[in-house]
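A.B. asks: A predicted structure for the sequence below; I have some questions about it.
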Amino acid sequence: MNINRKCSIFTVILFFIIGISQSTFAQSEDIQKGQASWYGSKYHGKKTSSGERYNKNDMTAAHNTLPFGTKVKVTNLDNNETVVVRVNDRGPYVGDRIIDVSEVAAQKLGFHSQGVGTVKVEVLELPGNYDPQNAGFYTIQTGAYTDQKRAQQLSAKLKAFDKYLTVEVKEEQIKGRKIHRIRAGRFDNRKEAEAFNDLLKEAGLSGLVREA
């Protein structure tokens, strides 16, 4: 092996290690800086990745890693204008942009006419049902009951359908009422979760695919 080839291999390995460490570091931070863009009328009324309908007049945003429901403060670093938006979609998918805000948010931030702006994104609040152990997975919410017995019955049916299926019953307090939510499976992507949900549908056990 000649010296030039050794140098090339070393460079590739070094780049790979640095790339991984920077990516891991960036995802662990509550603050990001980079380019933001916006989307408007073309997507108005269409379903977002969370299942909600996009409304260009709502203070919402698309982000590639933050859980749906996360509230973030976005600051335009060119004019110090700020907004608080809620993540309900995935994106952006252009270059190294870090967030796509709604049209009204872009107007308030002052980069609507330019199309992009340099921003700082700060996490203010994670959704109440966020579980970092499940982050990055998809699951199927098959039911939500106030009656614990009904929740246990559905859980038993799901386990009978597939003995290897992970079934979780979580208790939550909503407006003073105890709710038992049933979640089935841990899937690496939405496509896998939706395919399994189709199988559950044939048995009358299907639910709503959600990002965990």
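C.D. replies: That came through, no problem.
A.B. asks: Domain-wise, how is the chain divided?
C.D. replies: When the chain is parsed into structural domains using automatic domain parsing, the resulting residue ranges are 30-125, 132-211.
A.B. asks: I'd like the ones you listed as CSV, with mean neighbour count and mean pLDDT appended.
C.D. replies: Bear in mind the C-beta positions are built from the backbone N, C-alpha and C, glycine included. What follows is the domains of the chain, written out as CSV (neighbours: other C-beta atoms under 10 Å; pLDDT from 0 to 100):
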stretch, mean neighbour count, mean pLDDT
domain 30-125, 17, 93
domain 132-211, 15, 87
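A.B. asks: List phi and psi for the residue nearest to Val94 when sequence neighbours are not counted.
C.D. replies: Nearest residue to Val94, sequence neighbours excluded (C-beta to C-beta, 6 or more residues apart in numbering): Ser37, at 6.8 Å. Phi and psi for Ser37, reported as degrees, to the nearest 10, are phi -130, psi -180.
A.B. asks: what does Glu202 give?
C.D. replies: phi -60, psi -30.
A.B. asks: Provide a list of residues in contact with it.
C.D. replies: Counting by C-beta atoms under 8 Å, 6 or more residues apart in numbering, Glu202 makes contact with nothing.
A.B. asks: Help me confirm that the residue nearest to Val94 comes into contact with Val116.
C.D. replies: Yes: with contacts counted by C-beta atoms under 8 Å, Ser37 reaches Val116, the gap being 5.0 Å.
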